[in-house]
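Pasting the sequence and the predicted model now:
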Amino acid sequence: MYRCIALLMMLLCAANAVAQQPLYVVNGKIVDGIESIPQSDIESIDVLPADEQTIAQWGMAASEGVIMVRLVYDTPATFFAEGTDNFTTYLSKHVKWKSNMPAERVSLRITIDKDGVAHVTEVLDSTSRQFLKRVTKAISEAPRWQPAMRDGNPIESLHLVNLQLPVGKDIPAEQFVVIL
């Protein structure tokens, strides 16, 4: 009996926890959450209280308030070439790096311009100049993206590229000596 009551209480608490979330609206569309949106894609965030006007506009789903997010674009930039829509997968096939070579990684910030051309904007991390040079070359030779759009016009957008090759090979830990 006590176990049933405890289980029922846990279920009610879980249901209340789910119900006590605000309504998320991104570019006018209701979404489940905003955790996966990169900060650089957000132009503005407005928080609407759970008042009569908000509930009248958005319905009972807004009973805990509404978080309105405006992105810098209406539609994000997309990449599609050779059967993949993942730019990192495309790069891993086009960067000339043999499996017997040491594992290397690079993290880059790239800009997709209004014409859909990718440009390296910033090198965030690179384990070697040779690998960085090959990745940069593959990016410059890559097919064009479909640029991000805002109000029917193409706009620039920022993206991150994290690439490690050969795929599945670990990068050795850095060796260091601690002197006491």
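The structure has been received and is ready for your questions.

T127: what's it in contact with?
Listed by CB atoms under 8 Å, 6 or more residues apart in numbering, the contact set of T127 reads 104-106, 171. Using the backbone N, CA and C atoms, a C-beta is placed for each residue, glycine as well.

Now the element after the lowest-mean-pLDDT helix or strand in the chain, going C-ward?
Least confident helix or strand of the chain, by mean pLDDT, DSSP states H and E, is helix 2-19 with a mean of 46. As assigned by DSSP states H and E, the chain's next helix or strand after helix 2-19 is strand 23-26.

same for that following strand, what does it pack against?
Secondary-structure packing of strand 23-26 (3 or more CB pairs under 8 Å, 6 or more residues apart in numbering; DSSP states H and E): strand 29-31, strand 66-71.

related to what we said a few turns ago, show me the contacts of T127 that map onto strands.
Mapping the contacts of T127 onto strands (DSSP state E) picks out 104-106.

Just name the closest of the residues you listed to V123, please.
V106 (7.4 Å; CB to CB).

That closest one: how many residues sit nearby?
A count of neighbours around V106, defined by other CB atoms under 10 Å, yields 24.

rewinding a little: packed most tightly, which of the helices and strands packed on strand 23-26 would that be?
strand 66-71 (a mean of 18; mean count of other CB atoms under 10 Å).

same for that strand, what does it pack against?
strand 23-26, strand 42-48.
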